[in-house]
Each structure stands twice: as C-alpha cells, then as structure tokens.
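Colleague: below are the sequence and a predicted model; questions follow.
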Amino acid sequence: MLCSNTLIIWQLDRALLFYMKINTLMVRQSVIDREQNSFGFELLYQNTISNKSVLFNDDDTTAQTILNHYSGLAGDAPLTQNRQPVFIKTSLQFLANNSIPEIFFSTVIADISAASFNESCDLSKIESDFKKGLKICIDEFDLSNCPKELIALSSFLKININSYNEEKLTSLLKQLNTDIYHGNIILKNIEKTEQFQQGVKLGFHYFQGTFLEKPSMVENKALPHNSQTSLTLMAELYDEKTTPAKLERILSSDVILTTRLLKLINSAAFGFPQKVESIKKSIMLVGLNNLRQWVSLIILSKQSHKSDELMRWNLTRAAFCKNLATTLEIVDPEKAFLTGLLSMIDAYLDWPLDKSLKALPISDDIKEALLYGKGGLGDVLSSVRQYESADWVNLEHQSLAESVWGEMYLEAISWADETLSILIKPD
C-alpha cells in the first residue's frame, strides 16, 4: 500500500474499470449540518457478486479512487484537502476482521446497524481501531436494544424520524444528552422542511433526507419578490421570440449575472482558448439554447436562502439526465438536461411546480415529463430519480450494464462538483 504522502489519486477511467470488474452500482446522498451546508456523503452501493464490502477487499488504491470521487475531492487536490467524510454501510463483523486500512480512518465513517451486534461480536479489535481514529456510526439507533459498550465506540448515531413522534424524539435526546452519549446525532429520512426545522430545534447535529428537494410552502403565500424576478427572467430566456440581441440586453442589465456567466464560460468547463469578455461573444460561442441553460443555472444559484447542496443535487440530476439521454438515444440530451434542471425549480422558488412551469414558455414534452412523468423525457427523469434513491431493483432501462450506469453517474457528480465550485465562488 502506498503511504499517505505518496498516494496517487488515479484517474476516472481506473474507477470505471473497477465498476466493470465487480458490477457495482453506487450513489451518494448528502449529510448536511444545521445551516444546510454539506458535512459529508453516505455512499450506498449494490454488489451483485458478494455480500462483502466492495471497497476494501483487495485493492486499496481502487477504494481510494472511488472515495475521492464520491467525497467531492478534486482529482488534483492533496489527499487531505477539502476532504469530506463518506459514510459507508458495513457490519460489526467486517470491522472486527480489520478490513478497513488505517489510511482510510480520516475518510471513512463505518455505518453499522445496531441489529448486527450479538454476543459473539468481539469489540476489542474495533475498540483498538476506534482509538486510532476509526469513526463509527450506529444506524437505525434504538436505545432499548443497543449495548452501552457499542454506543461508547460510536462517533455518530442515526435516528429514523419515522420511528418516533416529537414527544419520543425529545425524550430520547434528553436521555442521550445526560451521561450516555456525547457524540453527534443524525436525523434521517426527513421529507419536509418542517421536519428539518423541528430537528434543528430539538438539537440534532446533522440531517439526511429528500426535504432539500421539496418547496417550503405556506398556503396562499405570495411568490417572494426575488423568486418572482427570477421566474420573470427565466420566462424571458425561454420565450421563442427572444432574440440574441434582446437576450444580450437583458443579461447585460444584471451586473452580478453577467459577471457569473462570464466567469463560468471562461472556466475549464468550456476550455475556450481565448478569454470571453462579452455576452454577445458568449452567445456566439455557446449558442442561444445552451446559454439559456447556463443562465438558468446562475439564476437558480442566486436564490440566497437555499442551500448549495440543493444546487449540487440539481446539477448532478440534470447532468445525469443528459448522460442517460445521450446513451439511450431516445430524446434530445439538451432537453433532458433542462428537464432535470427544472425538476427542482419549485424547491428554489418555494412555489408549486405546476404554477412555476406555467410561467415558463418551455415545450409541452418537458412540462408533461415534469408534471406527469410522460414521454421519453419522463422515462429518463424517472430512471434518474430511481438511481438517486438507490431503487436499483425497479430501475427503468435494465438493459444497461451496471458499469454504464456507474460511468454516467460518476461523470455527472464530477461535473456537478466542478460547476458548483465555480457558481458559488465569491464574485
């Protein structure tokens, strides 16, 4: 094994060879803090060959490659720079067998089920690794059946919000915050913004769930002014009567939008040999339709009350939709990208999806895909959503090999991480 100061981060193609070798599907899901900033990712994977962990069996360098991509670490960044932890599901027995190399202790959080504990489990080896820096998370935590010695070795506890009402959650936290536990507590399976806010109020440290994708709506609430401005600008963008000259005037009137657009177009994502210094030249080089998508990204990213993690998820979905459409050759990839991008517009605007889409002059096939899941675009979006939720059993288009899905998803998250870093940099 290479030591930490000489470890080389392999390129993406090595990761894809790893996919082809073991037929594994993987997806990452965000773990966020109380301010909705990213703390790390949970890595869910499906191994069709064995029940053992696919990351640490024989090739530690391959494991490092996978972890680099799924933790959002840039390919040319030092090993310890900007590293976010990755929660990986495993078992107590796996940990007891000393299967996670020490070099990963700063990267990996072993996510175990309390139900996997039994009297035959030898915690001595796990305790030794815990003292060396291995972090353990107990998933589906239940105080009534989790041994105290295992709780003492844990840095994180995950509590399923669906297993408790507010009164029981309050009681459980009160018990844990006495002398039982002093680590971090994660509330998972959150589906509504109100549940997240409740978790923050109760004192949870970290959160998981689909609530980021959901709008925070109050009945009969008016559309906020900044959201109305964003929707109006996007409507201008997609108006078929909008000419390049009119679009140039619209964009040039917004200094912040213009600055961000030019910064994005001059990034490595486009790779133009000469610096682009005007909106007019941007339209000429990128094309009107492509520019609409990039401007839409910037408009959505300007919703200051929303988490960067919503944008990361949205960018990944849009890119994944485009990659899948390109592979299947059943719909226009650019339309698929826009469908994925607009699938979360209600979460940005805190406004119902049907009302948001009604204000946008986009094609009927995109609207029908978003509202009713119809057509080829609807199939693509449905498949991507199934992959995101690790619903691989019911995944559409099963004719695609696991390695193809893995390649498309890795490309999507790599592109999303790079693009997000450009969008959120200070102007």
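Modeller: Structure's in. What do you need?
Colleague: shaky segments in the stretch 201-350 of the chain?
Modeller: For the stretch 201-350 of the chain, applying pLDDT under 70 flags the ranges 217-226, 304.
Colleague: the stretch 1-150 of the chain now?
Modeller: By pLDDT under 70, the low-scoring segments of the stretch 1-150 of the chain are 1-23, 47-62, 72-83, 98, 119.
Colleague: okay, helices next: where are they in the stretch 201-350 of the chain?
Modeller: For the stretch 201-350 of the chain, the helices defined by DSSP state H, counting those that start in this stretch occupy 225-238, 244-252, 255-265, 279-286, 288-301, 308-328, 333-342, 345-349.
Colleague: burial check on residue 394, number of neighbours?
Modeller: 10 (other CB atoms under 10 Å). To be clear about C-beta, it is placed using only N, CA and C from the backbone, and glycine gets the same treatment.
Colleague: nearest to residue 369, of the helices of the stretch 201-350 of the chain?
Modeller: For residue 369, the closest of the helices of the stretch 201-350 of the chain is helix 333-342, at 5.3 Å, according to CB to CB.
Colleague: picking that back up, any chance of the helices of the stretch 201-350 of the chain in TSV, plus mean neighbour count?
Modeller: Listed next are the helices of the stretch 201-350 of the chain as TSV, based on neighbours: other CB atoms under 10 Å:
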stretch	mean neighbour count
helix 225-238	16
helix 244-252	15
helix 255-265	17
helix 279-286	18
helix 288-301	19
helix 308-328	23
helix 333-342	23
helix 345-349	24
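Colleague: between these, which gets nearest to residue 215?
Modeller: Among the helices of the stretch 201-350 of the chain, helix 345-349 comes nearest to residue 215, with 4.4 Å by CB to CB.
Colleague: re earlier: closest one to residue 69 among the helices of the stretch 201-350 of the chain?
Modeller: Of all those, the one in closest proximity to residue 69, counting by CB to CB, is helix 308-328 (12.1 Å).
Colleague: my read: residue 240 touches residue 361, true?
Modeller: Yes. Look at residue 240 against residue 361 with CB atoms under 8 Å: they come within range, at 6.6 Å.
Colleague: so for those two, which sits in the more crowded spot?
Modeller: Neighbour count, other CB under 10 Å: between residue 240 and residue 361, residue 361 has more, with 14 against 6.
Colleague: thought that one was touching residue 236?
Modeller: No. If you go by CB under 8 Å, residue 361 and residue 236 don't touch, sitting 9.2 Å apart.
Colleague: just the strands in this structure please.
Modeller: If you assign secondary structure with DSSP state E, the strands in the chain sit at 24-32, 38-47, 86-89, 108-113, 135-139, 156-160, 184-190, 206-209.
Colleague: mean neighbour count added to those strands, as JSON lines?
Modeller: Formatted as JSON lines, the strands of the chain follow (neighbours: other CB under 10 Å):
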{"stretch": "strand 24-32", "mean neighbour count": "22"}
{"stretch": "strand 38-47", "mean neighbour count": "19"}
{"stretch": "strand 86-89", "mean neighbour count": "23"}
{"stretch": "strand 108-113", "mean neighbour count": "22"}
{"stretch": "strand 135-139", "mean neighbour count": "23"}
{"stretch": "strand 156-160", "mean neighbour count": "23"}
{"stretch": "strand 184-190", "mean neighbour count": "21"}
{"stretch": "strand 206-209", "mean neighbour count": "22"}
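Colleague: and those as a markdown table, adding distance to residue 120?
Modeller: Formatted as a markdown table, the strands of the chain follow (distance: least, CB to CB, whole Å):
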| stretch | distance to residue 120 |
| --- | --- |
| strand 24-32 | 29 |
| strand 38-47 | 24 |
| strand 86-89 | 21 |
| strand 108-113 | 15 |
| strand 135-139 | 18 |
| strand 156-160 | 23 |
| strand 184-190 | 28 |
| strand 206-209 | 31 |
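Colleague: for residue 97, give its distance to residue 125.
Modeller: To residue 125, residue 97 is 8 Å away according to CB to CB, to the nearest Å.
Colleague: identify the residues contacting the residue lying closest to residue 377 once chain neighbours are set aside.
Modeller: Once flanking residues are discounted, residue 377 sits nearest to residue 369: 3.6 Å by CB to CB, 6 or more residues apart in numbering. Neighbouring residues of residue 369 by CB atoms under 8 Å, 6 or more residues apart in numbering: 339, 375, 377-378, 380-381.
Colleague: so which of these are in helices?
Modeller: Using DSSP state H, the subset of these located in helices is 339, 375, 377-378, 380-381.
Colleague: specify which member of these is nearest to residue 118.
Modeller: residue 381 (42.9 Å).
Colleague: if I read this right, the closest one contacts residue 372, doesn't it?
Modeller: No. Look at residue 381 against residue 372 with CB under 8 Å: they stay out of range, at 10.9 Å.
Colleague: those two - which one has more neighbours?
Modeller: Set residue 381 next to residue 372 and count neighbours by other CB under 10 Å: residue 381 wins out with 25 against 9.
Colleague: need the contact list for that one.
Modeller: Residue 381 is in contact with 321, 336, 339-340, 343, 369-370, 373, counting by CB under 8 Å, 6+ apart.
Colleague: format those residues as JSON lines; extra columns: distance to residue 175.
Modeller: Shown next, in JSON lines, are those (distance: CB to CB, whole Å):
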{"residue": "321", "distance to residue 175": "45"}
{"residue": "336", "distance to residue 175": "49"}
{"residue": "339", "distance to residue 175": "47"}
{"residue": "340", "distance to residue 175": "43"}
{"residue": "343", "distance to residue 175": "41"}
{"residue": "369", "distance to residue 175": "47"}
{"residue": "370", "distance to residue 175": "45"}
{"residue": "373", "distance to residue 175": "44"}
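Colleague: buried residues, stretch 97-105. List them.
Modeller: With burial defined by 16 or more other CB atoms under 10 Å, the residues of stretch 97-105 counted as buried are 99-100, 103-105.
Colleague: out of the residues you listed, which comes closest to residue 387?
Modeller: residue 104 (25.4 Å).
Colleague: isn't that closest one right up against residue 71?
Modeller: No. Contact status for residue 104 versus residue 71: not in contact, 11.1 Å apart, counting by CB under 8 Å.
Colleague: list the contacts of the nearest residue to residue 418 once chain neighbours are set aside.
Modeller: In space, residue 418 comes closest to residue 269 once its chain neighbours are excluded; the distance is 6.4 Å by CB to CB, 6+ apart. Residue 269 makes contact with 415, 418-419, 422, according to CB under 8 Å, 6+ apart.
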